[in-house]
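Trainee: The following comprises the amino acid sequence and a computationally predicted model.
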Amino acid sequence: MSEGLNYQFLVDTFFVALSGVPIALLITIVALLIALPLGFLLALTRINRIPVLNRFAQIYVSFVRGTPVIIQIFIIYSSVPLLLASIFEKYNINMNVYDVNPIWYAFIVFSLNTTAILIEVFRSALSTVSKGQLEAAYSVGLTNVQAFRRIIIPQTLVVALPNICTATVNLIKATSLGYAMSLQEITLRAKVAANVGYNYVEAYIDIFLVYLILCSLVEYIFKLYEKRLRRYKAVNA
Amino acid sequence: MEKYFDVTYIAESVPLLLPFLKVTFLVAGLSVLFGTLLGFILAAMKTGNSKIAKKIAYGYTTILRCTPSIVLLFLTYYGIPSIAGNFGINLNDVDKIVFVVITFSLQFAAAMSEVIRTAYESIDKGQFEAAVSVGLSNAQAYRRIIFPQAFVVALPNFGNSLLELMKEGALAYTIGLIDIMGKAELIIGANYNTHALEIYLALAVVYWILSIVIEQLFLKLEKMFSKGKQVIKTT
């Protein structure tokens, strides 16, 4: 390894790693689309102390936050195919479990994971909106849905946005573990390219750069959006 | 036909896994030690007067926050020996745990620098001035006045970072460190890759219990250390 870096390989692999970005982003976006509404609803059950769901959400959050993501991936990746196989067998569906694209498992794992994180984020954000806001909305004749859509959610979102940004960045970082499900994303693609000539250092520098660019971009977009949302926020002088 | 799912495997694998918690704790402990030291330095750079030092410290935090731990892990594991190789030093025989500790120390330092900075900034400047005005030296003022107060503020965030570190530490198995996760992989390998699900469930339970214990411990600690704290009522 003393011959220094292989710059040609460094440049070539950068684009290989870059080609994994769409998959990483697809997983991130799908996971967020599922987790945002689900997290918000479950956060509401936590705040309103709805008997069974409240307890369920509490244990769920504790489990997801208390175990490493990689173990969650392995659990889903080894249990869901078993379930699917028995379902296929029962209903005589002629389909091989091993043909299922691993991206489906990735959707499941990362949605479940992000939901738990967002429950906590929304819970703390919702508790910053005072109860009087909801009562005031009712008193001027808004329905429940209207009150949430026009009064509560916009205020919650401003508070929650920095934490949602952190959750998104963590999610993008966590997709690097998709290699455990043989998912063709950034890390796996660059690693496979490196296997040919043992150019691991170069490959990991590329992966590192791609994630750095990706996460910086996401943080920047969130900052812009936060500024836009804050427009209406009155500052207490 | 053999059963797909056998609960007895969960119970059987837990005693096999538990001895390897030692390694997990060792990695976490050393990373906390070095990470906190580096975090102090970074926090000092962030709160200091030098513009360049500030830029470096903030840049370091941003970069580390944007890097998945697995990428950082491999970068140190392959990168450091290759850099050392350029200077004619052979690091290929160094134990893997060293690279794991380096990786997680670097990562923990980034988190800790923010924790320490926010804790330090949460203490009112008047506290320091008051301490100096009653005749304490700078070092005394920091040790007796600023540090005890900042410590209480930092404690919950420190606990969170520690939990995060424990969980990320599970990735050390990818470079072949035999900690609790690595042992689980070995057990699965010895079973010819059958009953993987049961072993992973056992592992998840161990981690879950561990994190609940740590969480409760930090709640207790917080209560203990904040007993001297008096809330000033402003009316």
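Mentor: Yep, it's here.

Trainee: Please look at residue A:128 and residue A:157 and confirm they touch.
Mentor: No - between residue A:128 and residue A:157 there is no contact under C-beta atoms under 8 Å: 11.4 Å. Just so you know, the C-beta spots here come from the backbone N, C-alpha and C atoms, and that holds for glycine as well.

Trainee: ranges for the helices of chain A?
Mentor: A:7-18, A:21-48, A:51-66, A:69-90, A:102-126, A:131-139, A:144-146, A:153-174, A:186-195, A:200-230 (DSSP state H).

Trainee: and the gap between the residue nearest in space to the middle of chain B and residue A:162?
Mentor: Residue closest to the average C-alpha location in chain B (C-alpha atoms, centre = their mean): residue B:165, at 3.7 Å. Remark: distance between residue B:165 and residue A:162 (C-beta to C-beta, to the nearest Å) = 22 Å.

Trainee: quick one: contacts of stretch A:23-39?
Mentor: A:103, A:106-107, A:110-111, A:113-119, A:121-122, A:168, A:171-172, A:175-176, A:178, A:183-186, A:214 (C-beta atoms under 8 Å, 6 or more residues apart in numbering or on different chains).

Trainee: how many other residues sit next to the closest residue in space to residue A:152 that isn't next to it in sequence?
Mentor: Distances taken as C-beta to C-beta, 6 or more residues apart in numbering or on different chains place residue A:129 nearest to residue A:152, at 5.8 Å, with adjacent residues excluded. A total of 17 residues lie near residue A:129 under the criterion other C-beta atoms under 10 Å in any protein chain shown.

Trainee: My guess is residue A:129 contacts residue A:153. True?
Mentor: No - between residue A:129 and residue A:153 there is no contact under C-beta under 8 Å: 9.3 Å.

Trainee: ok, back up a step: ok, and the residue nearest to the centre of chain B, which helix or strand is that part of?
Mentor: Assigned by DSSP states H and E, residue B:165 belongs to helix B:147-168.

Trainee: Tell me the buried residues in that helix?
Mentor: B:149-150, B:152-155, B:157-168 (16 or more other C-beta atoms under 10 Å in any protein chain shown).

Trainee: can you redo the helices of chain A as TSV with mean pLDDT and mean neighbour count?
Mentor: Listed next are the helices of chain A as TSV, based on pLDDT from 0 to 100; neighbours: other C-beta atoms under 10 Å in any protein chain shown:
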stretch	mean pLDDT	mean neighbour count
helix A:7-18	82	16
helix A:21-48	91	18
helix A:51-66	90	16
helix A:69-90	85	17
helix A:102-126	91	21
helix A:131-139	89	12
helix A:144-146	88	10
helix A:153-174	89	19
helix A:186-195	82	21
helix A:200-230	88	18
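
Trainee: As CSV, the ones you listed with distance to residue B:120 would be great.
Mentor: Formatted as CSV, the helices of chain A follow (distance: least, C-beta to C-beta, whole Å):
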stretch, distance to residue B:120
helix A:7-18, 38
helix A:21-48, 32
helix A:51-66, 27
helix A:69-90, 31
helix A:102-126, 23
helix A:131-139, 35
helix A:144-146, 45
helix A:153-174, 21
helix A:186-195, 36
helix A:200-230, 24
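
Trainee: Count the residues that sit near the residue nearest to residue B:177 when sequence neighbours are not counted.
Mentor: Nearest non-adjacent residue to residue B:177, counting by C-beta to C-beta, 6+ apart: residue B:96, 4.9 Å away. Per other C-beta under 10 Å, the neighbour tally for residue B:96 reads 14.

Trainee: count of neighbours near the residue nearest to residue B:84 when sequence neighbours are not counted?
Mentor: If you skip the residues right next to it in sequence, residue B:84 has residue B:91 as its closest partner in space, 4.6 Å away by C-beta to C-beta, 6+ apart. Residues lying near residue B:91 (other C-beta under 10 Å) number 13.

Trainee: residue contacts, residue B:91?
Mentor: B:80-81, B:84-85.

Trainee: One more pass at 10 Å, please.
Mentor: Contact analysis of residue B:91 by C-beta atoms under 10 Å, 6 or more residues apart in numbering or on different chains lists B:80-85, B:98-99.

Trainee: and which of the residues you listed is nearest residue B:196?
Mentor: For these, the minimum distance to residue B:196 (C-beta to C-beta) is 26.5 Å, reached by residue B:99.

Trainee: what residues are up against the closest one?
Mentor: Residue B:99 touches B:73-81, B:91, B:172, B:175, B:177, counting by C-beta under 10 Å, 6+ apart.

Trainee: still on that earlier bit, how much space separates the residue nearest to residue A:152 from chain B?
Mentor: 23 Å (C-beta to the nearest C-beta, to the nearest Å).

Trainee: What of residue A:191?
Mentor: 8 Å.

Trainee: Excluding residues flanking it in the chain, which one is nearest that residue?
Mentor: Using C-beta to C-beta, 6+ apart, the nearest residue to residue A:191 is residue A:203, at 6.1 Å.
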